[in-house]
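Enquirer: let me see the structure of the following:
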Amino acid sequence: MIKTIVIKSDERGLLFHKGSYIHHLKPGTYRYTSWSGNEVIVQEVTRPFAVPGKELALFRHDAELGLELAVVDVQDHEYVLHYEDGRFVSLLGAGSYAYWNVLKKHRFVHIDIRQPELPSDLIAALPQRLLPYCTVIEVANHERGLLHYNHVFQRELAPGKYYFWKHAPVSVQVKMADLRQQQLDLTGQEMMTEDKITLRLNFVCQYQIVSPSKTLEIKGFDEQVYITLQLILREYIGTMKLDDLLRVKQEIGAYVLSRLNEHSDRFGVRFAAAGVKDIILPGEVKDILNTVLLAEKRAQANLITRREETASTRSLLNTAKLMEENSTLYRLKELEYLEKICDRVGSISLTGGGNLLEQLNALVGVKKAGDHS
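Expert: Okay, the predicted model is just below:
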């Protein structure tokens, strides 16, 4: 019995004899007897080369087949980008692959994923189908990223977008540092002055990261800055009495700021400002201070009153001396008082001869004589 096998132009045949591969068959018609032990597997050249149950290595000795196959071996540390006629088709992981290089031209780009960051030329034309294989990390304008491979620092990342291969043999970590000005609040801190008075202090300082690599190398950065600030304040408050502290509280910020900046290089930051928000005294101390303040204000008021009384008495004495020495001045003073009296009186009745001025003069004269008597 004769078997007839027709292989079309878009097909190729693989001839096996008793299960062993012999050679490949090009388009044409082939006939075999049923008892010859021959078998032909027909493959479409538009599909990847694959024979179920057979390894690719079995066919590599066929030089003629090799001329029509594009074979690529992908190592464990590689990805391979597969292109057909210049268009991206797929990403190949570790293994061996073969494609019929007949109707389409195949091209392969090997990428060593031991360097997990995608090459810049690939990013420029990154196919969307590659995105599921990538980890995308974005660094904002106010940030800097510190890139680590297997926990070893590599470089600082400027603002932008970065792509890294997933499942690479190298682990990728990016630590972000915020370069904006930040604020640290120290609230409700109980501290004791030199004269053993316990008070509570609210303090604030502002800082900005200038060296992200130093800052991110410090474990518990915020906590360490907090403790440093706390110790500086305790040292300062503990050497001052309460009265002195309240008198120079505006200077505390400047002192603490200068001390903090001694640690700037260690922390990788620049301390921009510092200051006291509140000093909260115990209730008893506050009552005592209020009593002292009230007594001081009363004493100041009494002193001002005595000064005013003394000045008024001295002014009256000077006026009396001048009027005693100058009769005209005395007369003018009388007329001034008479004017003030007339302003407060509704009407004045004068009788007798003479004009109005003479009658008023007589009235003042009588009053003067009465005063002297």
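
Enquirer: mind listing the helices for the stretch 1-150 of the chain?
Expert: In chain order, the stretch 1-150 of the chain shows helices spanning 63-68, 120-124, with DSSP state H, counting those that start in this stretch as the criterion.

Enquirer: domain ranges for the chain, per the record?
Expert: 2-103, 113-180, 182-281, 284-346 (automatic domain parsing).

Enquirer: ok, the closest residue to Tyr21 other than its chain neighbours - how many residues close by?
Expert: Among residues not flanking Tyr21 along the chain, Leu58 sits closest, at 5.7 Å (C-beta to C-beta, 6 or more residues apart in numbering). To be clear about C-beta, it is placed using only N, CA and C from the backbone, and glycine gets the same treatment. Leu58: 12 surrounding residues under other C-beta atoms under 10 Å.

Enquirer: quick check, pLDDT for Leu58.
Expert: For Leu58, the pLDDT comes out at 90.

Enquirer: let's have the chain start at 55 instead
Expert: Renumbered: residue one is now 55, and that last one reads Leu112.

Enquirer: please, which helix or strand holds the closest residue to Gly329 other than its chain neighbours?
Expert: The shortest distance from Gly329 to any non-neighbouring residue, by C-beta to C-beta, 6+ apart, is to Gly307 (3.6 Å). For Gly307, the host element (DSSP states H and E) is helix 303-314.

Enquirer: what sits up against that helix?
Expert: By C-beta atoms under 8 Å, 6 or more residues apart in numbering, the residues outside helix 303-314 that reach it are 257, 259, 261, 282-283, 286-287, 290, 299, 325, 327-330, 333.

Enquirer: so which bits of the next helix or strand after it are buried?
Expert: Scanning forward in sequence from helix 303-314 by DSSP H and E, the next helix or strand is helix 318-321. Neighbour-count burial for helix 318-321 flags Phe321 (criterion: 16 or more other C-beta atoms under 10 Å).

Enquirer: again, but for stretch 158-169
Expert: Buried, per 16+ other C-beta under 10 Å, within stretch 158-169: 160, 162, 165, 167.

Enquirer: equivalent analysis for stretch 282-292, please.
Expert: 282-283, 286-287, 290-291.

Enquirer: related to what we said a few turns ago, how much space separates the residue nearest to Gly329 from Gly140?
Expert: 67 Å (C-beta to C-beta, to the nearest Å).

Enquirer: those two: which is more packed in?
Expert: Per other C-beta under 10 Å, whichever of Gly307 and Gly140 has more neighbours is Gly307, with 17 against 7.

Enquirer: can you check the pLDDT for that one?
Expert: So, for Gly307, pLDDT stands at 87.

Enquirer: for this protein, where's the lowest mean pLDDT among helices and strands?
Expert: Ranking every helix and strand in the chain by mean pLDDT, DSSP states H and E puts helix 410-426 at the bottom, with a mean of 52.

Enquirer: chain center to stretch 150-170, what's the gap?
Expert: 45 Å (C-alpha atoms, centre = their mean, to the nearest Å).

Enquirer: any chance you could list what contacts it?
Expert: Taking C-beta under 8 Å, 6+ apart as the rule, stretch 150-170 contacts 64, 66, 97, 99-104, 110-111, 113, 122-128, 131-140, 146, 173, 176, 203, 218-219, 221-224, 226.

Enquirer: what separates Gly322 from Ile272, distance-wise?
Expert: 8 Å.

Enquirer: compare neighbour counts for the two and give me the winner.
Expert: Neighbours of Gly322 and Ile272, each counted by other C-beta under 10 Å, are more numerous for Gly322; the result is 18 against 14.

Enquirer: and the pLDDT at the nearest residue to His202 once chain neighbours are set aside?
Expert: In this structure, His202 finds its nearest non-sequential neighbour in Gln227, 4.4 Å apart by C-beta to C-beta, 6+ apart. Predicted confidence (pLDDT) at Gln227: the value is 93.

Enquirer: and Gln227, what element?
Expert: strand 226-232.

Enquirer: so what secondary structure elements neighbour that strand?
Expert: strand 188-193, strand 197-203, helix 266-271 (3 or more C-beta pairs under 8 Å, 6 or more residues apart in numbering; DSSP states H and E).

Enquirer: can you get me a residue count around the residue nearest to Tyr84 when sequence neighbours are not counted?
Expert: Nearest non-adjacent residue to Tyr84, counting by C-beta to C-beta, 6+ apart: Ile59, 4.6 Å away. Using other C-beta under 10 Å, Ile59 has 16 neighbouring residues.

Enquirer: my guess is Ile59 contacts Thr83. True?
Expert: Yes - between Ile59 and Thr83 a contact is recorded at 7.2 Å, counting by C-beta atoms under 8 Å.

Enquirer: quick one: low-confidence parts of the stretch 205-354 of the chain?
Expert: For the stretch 205-354 of the chain, the stretches flagged by pLDDT under 70 are 336-351.

Enquirer: for the stretch 205-354 of the chain, which segments count as helices?
Expert: Using DSSP H, counting those that start in this stretch, helices in the stretch 205-354 of the chain cover 266-271, 275-291, 296-301, 303-314, 318-321, 337-379.

Enquirer: redo those helices as CSV? Include distance to Gln208.
Expert: CSV is the format used below for the helices of the stretch 205-354 of the chain (distance: least, C-beta to C-beta, whole Å):
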stretch, distance to Gln208
helix 266-271, 11
helix 275-291, 21
helix 296-301, 50
helix 303-314, 31
helix 318-321, 22
helix 337-379, 57
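
Enquirer: of those, flag the one that's most buried.
Expert: Of all the helices of the stretch 205-354 of the chain, helix 266-271 carries the top mean neighbour count, a mean of 18, counting by mean count of other C-beta atoms under 10 Å.

Enquirer: from the chain's centroid, how far away is that one?
Expert: Using C-alpha atoms, centre = their mean, the offset of helix 266-271 from its chain centre is 14 Å.
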